[in-house]
Structures are given as C-alpha cells and as structure tokens.
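Student: Give me a model of this one.
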Amino acid sequence: MRNKNFWILLLLLLSGIVLGGFLGSLAAGIPWLSWLNFGQSFGLDTPLILNLGVLVITFGLSIKITIASIIGVALALLIYRYL
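Tutor: Predicted structure coming up:
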C-alpha cells in the first residue's frame with residue numbers, strides 16, 4: 001500500500017467542495033439543473049462578538065451543503081484513490 005499524503009487529500013476535498021458549490025450556484029438558474037443547488041445551510045446566523053475593551057473579536061461560521069458539493073467531494077475522493 002502506498003503512503004498517501006494527508007495534505008493532498010485535504011486539498012482535493014476543499015477543491016471539490018468549492019468547485020461543487022460554485023457549479024451548484026451556477027446551475028441554480030437552469031431549470032433542469034436547479035436540483036444541484038438543493039441543500040441545507042447551518043451555522044451561526046449572527047456572528048458572536050467578544051468585546052474585550054481593547055480588542056474586539058468576531059466569530060462566525062456558516063456552511064452550506066448542496067448536492068453539487070457532495071458530488072464534488074465524491075469525485076475528489078475518487079481522484080485521491082487513484083493517485
């Protein structure tokens with residue numbers, strides 16, 4: 001078994017998520033491909049603000065999982081498997 005690099009896997013997964021989300025948002029305007037943009041968003045609706053007087057820190061996280069991003073992750077895993 002070959003020793004595969006974790007950073008390559010992480011890069012492929014992130015690129016699959018980003019490209020899948022991008023393609024899903026592009027497909028939202030096309031009626032027969034609009035199902036690719038179907039998904040769920042979760043995270044913080046309003047950011048959490050921590051005011052320390054001298055320093056103000058804002059925390060926020062929102063993730064949208066769509067069908068296209070799931071397909072992108074699956075393709076990234078297939079590419080990683082055959083590297």
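Student: only C-alpha atoms for contact and neighbour calcs from this point on.
Tutor: Fine.
Student: number of nearby residues for the spatially closest residue to residue 33 that is not a sequence neighbour?
Tutor: Nearest in space to residue 33, with sequence neighbours left out and distances taken as Cα to Cα, 6 or more residues apart in numbering, is residue 27 at 5.4 Å. If you count neighbours by other Cα atoms under 10 Å, residue 27 ends up with 17.
Student: Within the helices and strands, which one has residue 20?
Tutor: Per DSSP states H and E, residue 20 falls inside helix 6-27.
Student: Tell me the strands beside the helix or strand just after that helix, with direction?
Tutor: Using DSSP H and E, the helix or strand that directly follows helix 6-27 along the chain is strand 39-43. Each strand that pairs with strand 39-43, with its direction, by DSSP bridges: strand 62-66 (antiparallel).
Student: buried ones in the strand it pairs with?
Tutor: The neighbour-count check on strand 62-66 (16 or more other Cα atoms under 10 Å) flags 65-66 as buried.
Student: and what of stretch 9-17?
Tutor: Quick answer for stretch 9-17 (16+ other Cα under 10 Å): 9, 12-17.
Student: Could you dump the residues you listed into JSON lines with distance to residue 72 and pLDDT added?
Tutor: Listed next are the buried residues of stretch 9-17 as JSON lines, based on distance: Cα to Cα, whole Å; pLDDT from 0 to 100:
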{"residue": "9", "distance to residue 72": "13", "pLDDT": "91"}
{"residue": "12", "distance to residue 72": "9", "pLDDT": "93"}
{"residue": "13", "distance to residue 72": "8", "pLDDT": "93"}
{"residue": "14", "distance to residue 72": "9", "pLDDT": "93"}
{"residue": "15", "distance to residue 72": "8", "pLDDT": "94"}
{"residue": "16", "distance to residue 72": "4", "pLDDT": "93"}
{"residue": "17", "distance to residue 72": "6", "pLDDT": "92"}
